[in-house]
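Q: A predicted structure for the sequence below; I have some questions about it.
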Amino acid sequence: MQPTDDPRDHCSHEVLGDPARSSAGKYTELAVGERSLWRFFVYECVVTICSGLPGALGYLLRRWLYPLILGSCGKGVTIGRNVTIRGSRRIHLGDRVTIDDQCVLDARGPRSELRIGAGTLISRNTILRVRNGSLLLGDGCDIGSNCIFGTDSRLELGPEVLVAAFTYVVAGGNHNHSDPEVPILRQGLTSRGGVSIGEGAWLGARTTVLDGVSIGAHTIIGAHSLVTRDLPEKCVAYGAPASVARRRGD
């Protein structure tokens, strides 16, 4: 396991509680991802005008104006109502990406990168959160509602991965707890190498994938499974912990 550089880099409450920063500076860094008053002004205007605007007008304004606040934004992007965007300059959307209502795109820290590939769908209430790491979704993925993807290292999905509702994938951000006398929040974080999910894989509803796991291409994970170790490609696996039940095509 690799320790993180500085546990303070990964704790938003440390940033917000830093007395050396003004309230405006803290909010600007959290929302925009960089200390630029001009970008902060643009961000505030765009979000205030169209974040919660209903109907076709809301969709059109978000399509036209959100490229002004994101790191990059492709053509034909659709963003629903009340999508929370933090670290906007570190978020990159490919062509024809769809983000449904009430989602959260959160890229915190100077080394964060959140990229969503072309044609990918993120269903409502799903959270994508990266802190000083990278979260990469390949082209054509379909992410169900109420999912959580979080990483402090690297989390990568290949093209056309299908993820059912209420799935939880955690890559990095494992709390150290060796000293029972010190609060866990103060003991820093470790990473087991992140998570990789191969092309065309399918994760069933309420699946949990833990840090350090690699799931092979075209593998199917049964609903309610807990994935704690690597799984090969083209297999069917389920259980807690998940294990291979059979090879696809046999």
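A: Arrived safely.

Q: List the strands paired with the helix or strand containing Ala237, with their directions.
A: Assigning secondary structure by DSSP states H and E places Ala237 in strand 235-239. Using DSSP bridges, the neighbouring strands of strand 235-239 in the sheet come out as strand 220-221 (parallel), strand 242-247 (antiparallel).

Q: Give me whichever of these is most buried.
A: Between the strands paired with strand 235-239, strand 220-221 has the highest mean count of neighbours, a mean of 24, where neighbours are mean count of other Cβ atoms under 10 Å. Every C-beta, even on glycine, is put in place using the N, C-alpha and C of the backbone.

Q: what does the next helix or strand after it rub up against?
A: Once strand 220-221 ends, the next helix or strand along the chain (criterion: DSSP H and E) is strand 226-227. Under the contact criterion Cβ atoms under 8 Å, 6 or more residues apart in numbering, strand 226-227 has outside partners 207-210, 213, 215, 221, 237, 239-242.

Q: Max pairwise distance over those residues: which two?
A: Based on Cβ to Cβ, the longest span within the contacts of strand 226-227 runs between Ile215 and Ala240 and measures 15.5 Å.

Q: Compare those two (neighbour count), which wins?
A: In terms of neighbours (other Cβ atoms under 10 Å), Ile215 is the more surrounded of Ile215 and Ala240; the figures are 29 against 11.

Q: Hmm, the more buried one is touching Ile197, no?
A: Yes - taking contacts as Cβ atoms under 8 Å, Ile215 lies within contact range of Ile197: 4.7 Å.

Q: overlap in contacts of those two?
A: Contact with both Ile215 and Ile197 is made by residues 203, 209, according to Cβ under 8 Å, 6+ apart.

Q: mind checking how far the closest residue to Phe40 other than its chain neighbours is from Arg129?
A: Once its chain neighbours are removed from consideration, Phe40 has its nearest residue in Thr28; the separation is 4.4 Å (Cβ to Cβ, 6 or more residues apart in numbering). Relative to Arg129, Thr28 is positioned 19 Å away (Cβ to Cβ, to the nearest Å).

Q: Helices along the chain, start to end?
A: 12-16, 23-31, 37-50, 55-65 (DSSP state H).

Q: List every C-alpha atom in stretch 228-238, with coordinates, as CSV.
A: Extracted in CSV, the C-alpha atoms of stretch 228-238 (Å, rounded to 0.1, in the frame of the first residue of the first chain):
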residue,chain,number,x,y,z
THR,A,228,-12.3,-7.8,-2.9
ARG,A,229,-9.9,-9.4,-5.3
ASP,A,230,-9.0,-9.4,-9.0
LEU,A,231,-11.4,-11.2,-11.4
PRO,A,232,-10.4,-12.4,-14.8
GLU,A,233,-12.0,-11.5,-18.1
LYS,A,234,-15.1,-13.1,-19.6
CYS,A,235,-16.4,-14.7,-16.4
VAL,A,236,-19.4,-14.6,-14.2
ALA,A,237,-18.8,-13.9,-10.5
TYR,A,238,-20.9,-13.2,-7.5
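
Q: Thr151 and Gly119, how far apart?
A: Plainly put, Thr151 is 22 Å away from Gly119 if you go by Cβ to Cβ.

Q: who has more neighbours, those two?
A: Thr151 (27 against 19).

Q: who touches the more buried one in this structure?
A: For Thr151, the residues meeting the contact criterion (Cβ under 8 Å, 6+ apart) are 129-131, 133-135, 170-173, 194-195.

Q: Tell me the one among the residues you listed nearest to Arg111.
A: The shortest distance between Arg111 and any of the contacts of Thr151, using Cβ to Cβ, involves Gly133 and amounts to 7.1 Å.

Q: Low-confidence ranges, the protein, go.
A: Low-confidence regions of the chain, defined by pLDDT under 70, span residues 1-25.

Q: Looking at strand pairing, list the partners for the spatially most central residue of it.
A: The centroid of the chain falls nearest to Leu128 when counting by Cα atoms, centre = their mean (2.4 Å). Here Leu128 shows beta-bridge partners Leu105, Phe149, assigned using DSSP bridges.
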